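>>> Coordinates for the following, if possible.
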Amino acid sequence: MVAIKVEYVGGLRCTAVHEPSGTSLTTDAPKDNHGLGESFSPTDLVATALVTCMLSIMGIVARKNGWKLEGARGHVEKQMVADPQRRIGRLPIRLELPAGLPKEARAALEHAALTCPVHLSVNPAIERPVTFVYPD
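This next block holds a predicted model:
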């Protein structure tokens, strides 16, 4: 279990502290929802969590198999919808894999990404198309 302490500091901002490490981050409401958009919004963190989880779980699989995943990159575009309520509607993801991965690594890495804990936890109403890009 990991505990995270969150304090509303005003101005539509919160500060969160990851208790095990003491690392903190600040969230800000986005400009299109009454905020200044000067930091990650809570929904930005959902998008960020998804891609970082995918790459991390892929990293575990790569490490176990002796594959080099360093330099892999992810990109996600958070698309909000307002009907019937404001929520994340779509998170298109692009994962760019480094050169030198053996072809047999692809299926295992893609499976790892699509079964990461965050991907499995995100509401299925949120579209999450994933594009895997290999340099060859």
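
>>> contacts and neighbour counts: CA atoms only from here.
Noted.

>>> tell me the strands in the chain, going along the chain?
Counting by DSSP state E, the chain has these strands, from start to end: 4-10, 13-18, 24-28, 73-76, 79-81, 87-90, 93-96, 130-133.

>>> State the mean pLDDT of the first one.
Mean per-residue pLDDT for strand 4-10: 98.

>>> Equivalent analysis for the fifth one, please.
Strand 79-81 shows an average pLDDT of 96 in the prediction.

>>> circling back: any chance of the strands of the chain in JSON lines, with distance to residue 41 and mean neighbour count too?
Formatted as JSON lines, the strands of the chain follow (distance: least, Cα to Cα, whole Å; neighbours: other Cα atoms under 10 Å):
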{"stretch": "strand 4-10", "distance to residue 41": "13", "mean neighbour count": "12"}
{"stretch": "strand 13-18", "distance to residue 41": "9", "mean neighbour count": "17"}
{"stretch": "strand 24-28", "distance to residue 41": "5", "mean neighbour count": "17"}
{"stretch": "strand 73-76", "distance to residue 41": "14", "mean neighbour count": "18"}
{"stretch": "strand 79-81", "distance to residue 41": "12", "mean neighbour count": "14"}
{"stretch": "strand 87-90", "distance to residue 41": "12", "mean neighbour count": "17"}
{"stretch": "strand 93-96", "distance to residue 41": "18", "mean neighbour count": "18"}
{"stretch": "strand 130-133", "distance to residue 41": "22", "mean neighbour count": "15"}
